[in-house]
Each structure stands twice: as C-alpha cells, then as structure tokens.
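Undergrad: below is the sequence, then the predicted model.
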Amino acid sequence: MSEKLWSERQTATWRTNVGLAEMLKGGVIMDVVNAEQARIAEEAGAAAVMALERVPADIRADGGVARMSDPKMIEEIQEAVSIPVMAKCRIGHFMEARILEALGVDFIDESEVLTPADDRFHVFKNDFKVPFVCGCRDLGEALRRIGEGAVMIRTKGEAGTGDVIEAVRHMRTIQDGIKRLTGLPEAELMTEAKNLGAPYDLVVEIAKTGKLPVPNFSAGGVATPADASLMMHLGAESVFVGSGIFKSGDPAKRAKAIVESVTYYNDPKKLAEISRDLGEPMVGIGLSELREDQRLAKRGW
Amino acid sequence: MTKLIGVLALQGGFHKHVEALSRSGSRTKEVRTASDLKGLDGLLIPGGESTAIAKLLVNFGIIDPLLRRINSGMPVFGTCAGMILLSTEISGYDQFHLGCLDISVERNAYGRQLESFESETLISSLGQEPFRTIFIRAPKITRLGENVEVLGTYKGSEIFVRQDSILAASFHPELTDDLRVHEYFISML
C-alpha cells in the first residue's frame, strides 16, 4: 500500500477540476434547453446550467435515441450566461465528450439520461482536461467513476419523474456504504473492494477519511424546495434539477425558490416562506408506474 | 479569547475555508442570515458563483448589515467570487456588488474551465516559500485604487491585495494545505 492517499497522488488538472466542483457546492445546477431558459436560470441564482436538447421528462415522453446536444445550441447558451455551462454526453461515447471539450464546456455529464453508446465501458475521463460528473447508485459505482477520472459524483435518482424516492434511496445507499467502510479493519478492505467492484486505493481512502475525495451532488426527481432541502439533509452538497423547473407552472419563481431552499435547507421557517405560492409543480410519474425497462438509473456499469 | 470568523455560506466553496480556518486555530461560524453577523471578529467571502451569492445577499436582506460591519472596520477577506463581490466595479456586468474595495475586476478573465490552472507563485508578503496558487475561472484586477496595497502578483497581474481591513485574492488558498494566506487574514483581526 502506498503511503499517500489516492487523492494526494492526482494531477494539477484533477485538483483544479475538483476545485470547480467545490465552487458549485451549496448551489443548484439547472437543465435548460435554450438561451432564454439559461438566462432565467442565471437570474434565479443557479450555480451552473446543463445545456441539453430535451429535459428528461421529454426524453421519456418522446422515446427514440437521446444524444449529445447540437453545438450551436450549446454555444448560444455559453454566450447567454456567465455561470459555468455543462453538457451531457452518452455513456461511453468518448467522441461526443471530445466534441464537448472542444466547445469549451465547463463540465461534461456522462449521463444515463441519454441513450448509452457502450454497454460495457464508460469514457476514460482521466484522458481529458475538461472535468466530468457521473451518476451513481451506490458506493462501488461512485468509486469506479472516480477511478476513471470523474471529479464530481451525483446520485442518479430517476430523472424525468419528479419522484424523489430514487434520489433518496441512492443517497442513503452511498452514505451507508461510506459509513460501513470506515468501520472495517484494514485487513478486510481488499475483499471489500472486490465485493464493491471498486478500486482498492479508493476503498482504502474512504475507509480512512470517511468521505468521497470529490463533491457528491444529488440528481433525478427533485421537483420542490422541500425535495432539494431533503437531499441536502441526506448528504448532498448541491442539487441538480432537470425537468422540475421548466416543466412547472412558473419556472422563474420555482427556480429561485429551489436555489434558496439549498442555502436554507436547515431553516424550516424560511423553507415554509420559500415554498409558498410557487404555482403548479411538474406533474411527474410515480416510480411504481414505471416498468423496469423504462428506468434510466440502471444504465451504468 | 480565540477570534470568531464568519464564513459566508450562501453558495460556493465555504466548507474548505471553514476547514482551513479551523486548522489555523480559529473558531468559525457559517453565515447565512443578517443575525449570523453578530459577534464576528471577521468575515470571509468564499469563491463560488458571484451572481448566485449576490442574489441571495440581496433577497435575504444581508447587504445593509454587512456593509455597516465592513464600514465600521470589521476585517473581511474575499477569494475569487468574494473578491468580485467586494470590488467597486465589475467590467461588462450589471450585477450587484458591495463596492467597498477600490478595484475593477474582469470576471472569468482567463477563460472557461479549460483555462483554469495552478502555479507556484512567490508572494513576498507570505515569506520565501512559493505559494501554490489555484486559479479557477478566475477574475483579473484591471484597475487598482490608490489606497490598495499589492501583496502578490502573477505574471504582472495583481492577485492578492489589501485596502485597510479588506483583503482579497483571485486564487483559492482554501484548496491547498498551505495556511499562510488564512493566517495573514487572522493576523488582521
């Protein structure tokens, strides 16, 4: 076993990229499909925007293959706002990732919301200068993505549903996994790494530090300020909101309220005020209404 | 009594600053409301998105009490977005700022995240060991007021400045293990 922790052996690029993830903490990253929505998001106080052609709820409704967005649309959004602009590539589609990097996006989300391009391998993110965020459902999946070079992890939840139950399940599963590791004697960590399907050095680091070496945000199903504050209490350091804002009755108002709920997640009185009179939330789909093959979260290997 | 330093915790990299200040032996408090300002000996405004932080400052009535404290001499330290918020002018953007540090800044002056970088920089006010300066979508100072003292430069640009009890840095000392910048601020209290 090397003396230094895994995170202490990473490059300067890794450090500046984790640094950007640190700066997005306590904030909200909002899905937007055009420059006008991006401006509404920035005006509401979003910490970053995610440029994509269709929000997850529409991807579900429309069906077909969901791909990287048109560079023209991404550039229009980059022109429209001064906050970081993220964009999604398909799982394993390293050329979509290269194109997004060439466009100068600030973060790439290798996302299960798009149709996977590879059913065995994810993008080897260590080869890139641009930072990546990836989804996960449990600690093993999180550590595999970090091992490939992701500098931010987000729990997947179930995108495009407006049902927070999967986001809660995934966040609790990760936190339980971390807690479990910290109690284990060193002699058991190799078998634990095998069982988790995770890199051994990262398992050792979690066991020692009790936390992930990169920020852990929450995504998939957040539709209200109460949902966002719930995820913060469960250990999310920021929240991604996809369909929840622009599929609601009054996106500007709801966006601002969700931003405020992440800052004041520990202040129920303020949350009551923040949650007042926001108009209709997105209609949503209960998780139990989804067939197994309609679930996006299981994409990822 | 150990000094109590507030860290503005509306959005951004406040956790790392709390950790750095604690390691320097200070007591810390996360500041989210006007009443959280009571009893502070100093305040740190972290990096993050200056637009997001500014909106929360305005919407939750923190501006006036904060400016009263700064104007009555409470030391304040802004890093990156925090420096932008303290400045008197933000080139090209009509966004809220506190306007108490007499500098003009250009946001994202080095470019997007692909242009973020770190370097070993000699900052004489911190001693002879170089400081690992990490710049993330960093701002640049484009104009310096006459009462602003330059404490550090990188390739000819001012990156660490002070005006009386106001300290500002365009880089992120909280992302390194080096506590000298935080200790400099603590020495101002």
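TA: Received it, and whenever you're ready, just let me know what you need. On a predicted model such as this, the values are computed, not experimentally measured, just so you know.
Undergrad: can you pull out the helices in chain B?
TA: B:14-23, B:50-59, B:63-71, B:81-86, B:180-187 (DSSP state H).
Undergrad: before we move on, what about the stretch 1-150 of chain A?
TA: Assigned by DSSP state H, counting those that start in this stretch, the helices in the stretch 1-150 of chain A fall at A:12-23, A:35-44, A:56-62, A:71-80, A:94-103, A:139-148.
Undergrad: pick the most deeply packed of these.
TA: Mean neighbour count (mean count of other Cβ atoms under 10 Å in any protein chain shown) peaks for helix A:139-148 among those, with a mean of 24. In this view, the C-beta of every residue, glycine as well, is placed from N, C-alpha and C.
Undergrad: neighbouring contacts of the helix or strand following that one?
TA: As assigned by DSSP states H and E, the chain's next helix or strand after helix A:139-148 is strand A:152-155. For strand A:152-155, contacts defined as Cβ atoms under 8 Å, 6 or more residues apart in numbering or on different chains pick out A:18, A:21, A:24, A:107, A:109, A:131-137, A:142, A:145-146, A:167, A:170-171, A:174, A:212, A:214-220, A:236, A:240.
Undergrad: out of those, which touch chain B?
TA: Checked against chain B using Cβ under 8 Å from any Cβ of the partner chain, the contacts of strand A:152-155 yield the following neighbours: A:Val18, A:Leu24, A:Phe107, A:Pro131.
Undergrad: show me which pair in the residues you listed is furthest apart.
TA: A:Val18 and A:Phe107 (11.6 Å; Cβ to Cβ).
Undergrad: what sits in contact with each of those two?
TA: A:Pro131, A:Met152.
Undergrad: can you pull the contacts of the residue most central in space within chain B?
TA: The centroid of chain B falls nearest to B:Gly78 when counting by Cα atoms, centre = their mean (1.2 Å). Contacts for B:Gly78 (Cβ under 8 Å, 6+ apart) come out as B:Leu44, B:Ile45, B:Ile84, B:Leu85, B:Leu86, B:Leu101, B:Ile166, B:Leu167, B:Ala168, B:Ala169.
Undergrad: that one and chain A, how far apart?
TA: Distance, B:Gly78 to chain A, using Cβ to the nearest Cβ, to the nearest Å: 14 Å.
Undergrad: and that residue, what are its bridge partners?
TA: Note on B:Gly78: beta-bridge partners by DSSP bridges are B:Ile45, B:Ala168.
Undergrad: between the contacts of B:Gly78, which is nearest chain A?
TA: B:Ile84 (10.6 Å; Cβ to the nearest Cβ).
Undergrad: let me know how buried that closest one is, in neighbour terms.
TA: Residues near B:Ile84, counting by other Cβ atoms under 10 Å in any protein chain shown, number 31.
Undergrad: next, count neighbours for residue 121.
TA: Just going to use chain A. 12.
Undergrad: wait, chain B
TA: Neighbour tally, B:Thr121, other Cβ under 10 Å: 18.
Undergrad: name all residues that make contact with B:Leu44.
TA: B:Ile5, B:Gly6, B:Val7, B:Leu8, B:His17, B:Leu21, B:Val76, B:Phe77, B:Gly78, B:Thr79, B:Gly82, B:Phe185.
Undergrad: ok, now with 6 Å
TA: B:Val7, B:His17, B:Phe77 (Cβ atoms under 6 Å, 6 or more residues apart in numbering or on different chains).
Undergrad: for B:Gly12, same thing?
TA: With Cβ under 6 Å, 6+ apart, B:Gly12 has these contacts: A:Met23, B:Pro46, B:Gly47, B:Gly48.
Undergrad: please determine how far the nearest residue to it once chain neighbours are set aside is located from A:Leu20.
TA: Nearest residue to B:Gly12, sequence neighbours excluded (Cβ to Cβ, 6 or more residues apart in numbering or on different chains): B:Gly48, at 1.8 Å. The gap separating B:Gly48 from A:Leu20 is 11 Å, by Cβ to Cβ, to the nearest Å.
Undergrad: got it, and A:Asp127?
TA: Distance from A:Asp127 to A:Leu20, by Cβ to Cβ: 18 Å.
Undergrad: same question, A:Asp277
TA: 35 Å.
Undergrad: again, but for A:Phe107
TA: 7 Å.
Undergrad: to chain A, which of the helices of chain B lies closest?
TA: helix B:50-59 (4.1 Å).
Undergrad: still on that earlier bit, make CSV from the contacts of B:Gly78 and add distance to B:Pro139 to it.
TA: Below are the contacts of B:Gly78 laid out as CSV (distance: Cβ to Cβ, whole Å):
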residue, distance to B:Pro139
B:Leu44, 17
B:Ile45, 13
B:Ile84, 5
B:Leu85, 10
B:Leu86, 11
B:Leu101, 12
B:Ile166, 16
B:Leu167, 15
B:Ala168, 10
B:Ala169, 10
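Undergrad: and chain B, which residues reach chain A?
TA: For chain B, the contact set with chain A under Cβ under 6 Å from any Cβ of the partner chain comprises B:10-13, B:16, B:47-49, B:52, B:55-56, B:112-114, B:116, B:118, B:134, B:136, B:172, B:175.
Undergrad: give me the most central residue, chain A.
TA: Central residue of chain A (Cα atoms, centre = their mean): A:Arg154, at 3.4 Å.
Undergrad: just the closest residue of the stretch 201-301 of chain A to chain B, please.
TA: For the stretch 201-301 of chain A, Cβ to the nearest Cβ, closest residue to chain B: A:Thr263, 5.2 Å.
Undergrad: returning to what we had before: just put the contacts of B:Leu44 in JSON lines and tack on pLDDT and neighbour count.
TA: Converted to JSON lines, the contacts of B:Leu44 look like this (pLDDT from 0 to 100; neighbours: other Cβ atoms under 10 Å in any protein chain shown):
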{"residue": "B:Val7", "pLDDT": "98", "neighbour count": "27"}
{"residue": "B:His17", "pLDDT": "98", "neighbour count": "28"}
{"residue": "B:Phe77", "pLDDT": "98", "neighbour count": "29"}
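Undergrad: among those residues, which one lies nearest to B:Arg180?
TA: B:Phe77 (13.1 Å).
Undergrad: enumerate every residue touching that closest one.
TA: B:Leu44, B:Leu167, B:Phe185.
Undergrad: same list, those, but as JSON lines with pLDDT and distance to A:Phe246 please.
TA: Below are those laid out as JSON lines (pLDDT from 0 to 100; distance: Cβ to Cβ, whole Å):
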{"residue": "B:Leu44", "pLDDT": "98", "distance to A:Phe246": "35"}
{"residue": "B:Leu167", "pLDDT": "98", "distance to A:Phe246": "40"}
{"residue": "B:Phe185", "pLDDT": "98", "distance to A:Phe246": "41"}
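Undergrad: ok, back up a step: got the helices of the stretch 1-150 of chain A as TSV, with mean pLDDT columns?
TA: Formatted as TSV, the helices of the stretch 1-150 of chain A follow (pLDDT from 0 to 100):
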stretch	mean pLDDT
helix A:12-23	96
helix A:35-44	97
helix A:56-62	90
helix A:71-80	98
helix A:94-103	98
helix A:139-148	98
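Undergrad: what about the closest residue to A:Thr13 other than its chain neighbours, how many residues nearby?
TA: Once flanking residues are discounted, A:Thr13 sits nearest to A:Lys129: 5.7 Å by Cβ to Cβ, 6+ apart. The local packing of A:Lys129 (other Cβ under 10 Å) involves 13 other residues.
Undergrad: same question, B:His15
TA: 18.
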